[in-house]
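Undergrad: here are the coordinates; sequence isn't available:
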């Protein structure tokens with residue numbers, strides 16, 4: 001692979017060629033119909049480049065990010081490419097094309113490195129707020145899982161007003177709007193725009209999830225990480241309920257869209273048209289008093305402490321703790337568990353829930369899952385697991401091979417079958433295994449190998 005210096009040499013050489021061409025010649029044969037432009041430093045000034053130069057800049061961005069492992073989670077590839085594209089333009093604009101590119105390239109690279117370092121150094125901590133459908137009642141007080149905090153929306157509004165992030169006028173007006181009052185329009189200004197942003201972002205959601213990201217995240221990567229953190233935090237809440245999938249059906253971010261009625265027409269020969277409908281998800285989660293939820297937080301204090309550690313790890317783009325392999329396994333298990341619980345298709349849900357177990361088992365396939373169930377839940381491989389007389393060993397083999405493996409590899413002969421009963425069983429195993437592994441990690445803070453979950 002070419003070095004960054006060599007790529008810049010090629011960019012300068014290519015600029016020397018197209019410098020003598022007209023705009024039409026530069027775009028000739030390009031499938032992209034518009035001129036390819038990069039900024040030249042002066043306001044509004046640009047440099048027209050051709051596809052080859054654009055591709056070289058993309059290669060340069062890839063090469064420069066490849067050596068910066070710390071940016072893997074904090075800056076998306078497209079964001080980084082845009083940074084490199086915008087930063088290199090002004091440097092190329094002041095580079096003489098009369099000088100040998102091998103002489104100019106190291107200077108351009110050095111200056112480019114300095115510009116990019118400044119951009120990286122300015123990746124400050126970020127805070128995101130999402131409207132959330134949570135419990136069926138709206139009086140559960142604030143609680144947190146690491147960087148993710150849930151609180152009633154009025155409490156959030158008061159807290160942000162006290163911090164000076166929201167004006168007193170907007171605070172009062174938003175509360176009135178949330179209470180159902182119709183207010184006169186405000187004069188258009190920055191404060192009015194922020195007020196409208198709050199109304200639109202929170203919607204009718206009764207709770208707010210605030211996610212704090214440490215320094216090191218760019219805009220797109222930050223939003224994606226914050227959204228994933230909020231969704232994972234909801235999955236953590238759902239672990240307190242025996243049927244996590246039902247709880248998660250009522251939990252959700254306003255960002256992910258409103259509840260809506262799904263309608264269908266059914267035509268039966270000889271009969272009239274029949275219409276059916278259902279909601280795409282529940283309007284709210286389980287009802288639980290503030291006192292009872294506090295008791296759940298106490299009962300699950302150890303696994304929830306691990307949930308906090310997992311989300312702290314996920315939102316720290318430069319984390320290098322010895323426990324990271326364990327935290328990463330728990331993170332991936334939680335990711336697959338959340339996806340499995342929300343999935344509408346039972347077979348696909350089983351695939352995801354089995355992946356959640358597989359993540360805990362260090363990818364040791366069905367044997368690792370059996371050992372997890374034995375070590376963490378006390379389910380012996382030879383013990384009877386189902387009313388049909390299946391052992392746990394046979395049960396795991398069935399949903400791992402018939403569900404996960406054959407479903408993924410396109411060899412399943414049971415697509416379209418009723419997997420609902422088996423889905424409920426796999427969700428039960430995945431939820432309890434995840435809880436016990438979270439608990440075990442909290443009791444063993446020095447644990448560094450995910451394989452220890454099988455012991």
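TA: Happy to help now that I have it. Since we're looking at a predicted model, the values are computed, not measured.

Undergrad: not counting sequence-adjacent ones, nearest residue to residue 303?
TA: Leaving out its chain neighbours, the residue that sits closest to residue 303 by C-beta to C-beta, 6 or more residues apart in numbering is residue 438, at 3.6 Å. No exception for glycine: its C-beta is placed from N, CA and C like everyone else's.

Undergrad: surely the one you found is within a helix?
TA: Yes - using DSSP: H, G, I helix; E, B strand; the rest coil, the assignment for residue 438 is a helix.

Undergrad: ok, it touching residue 301?
TA: No - here residue 438 lies out of contact with residue 301, judged by C-beta atoms under 8 Å, at a distance of 10.9 Å.

Undergrad: the more surrounded of the two?
TA: Counted by other C-beta atoms under 10 Å, residue 438 and residue 301 do not tie: residue 438 has more neighbours, with 25 against 11.

Undergrad: mind listing what that one touches?
TA: Applying C-beta atoms under 8 Å, 6 or more residues apart in numbering to residue 438 gives the contacts 302, 303, 304, 306, 307, 310, 330.

Undergrad: residue 23 too?
TA: 35, 48.

Undergrad: with the one 10 residues further on instead?
TA: Taking C-beta under 8 Å, 6+ apart as the criterion, residue 33 is in contact with residue 27.

Undergrad: let me know the pLDDT of it.
TA: Listed pLDDT for residue 33 reads 81.

Undergrad: kindly report the same for residue 274.
TA: In this model, residue 274 is scored at 66, pLDDT.

Undergrad: ok, residue 155 next?
TA: At residue 155, the predicted lDDT confidence score is 97.

Undergrad: so who does it touch?
TA: Residue 155 sits next to 141, 142 when contact means C-beta under 8 Å, 6+ apart.

Undergrad: which SSE is it in?
TA: Using DSSP states H and E, residue 155 sits within helix 153-162.

Undergrad: same check on residue 397?
TA: Applying DSSP H and E, one finds residue 397 within helix 392-397.

Undergrad: got the residue ranges for the helices in the stretch 301-450 of the chain?
TA: Taking DSSP state H, counting those that start in this stretch, the helices of the stretch 301-450 of the chain run over residues 301-314, 324-342, 346-360, 365-377, 392-397, 406-409, 420-443.

Undergrad: least reliable of those going by mean pLDDT?
TA: Mean pLDDT, when computed for each of the helices of the stretch 301-450 of the chain, is lowest for helix 406-409, at a mean of 76.

Undergrad: helices or strands up against that one?
TA: Other helices and strands packing on helix 406-409, by 3 or more C-beta pairs under 8 Å, 6 or more residues apart in numbering; DSSP states H and E, are helix 346-360.
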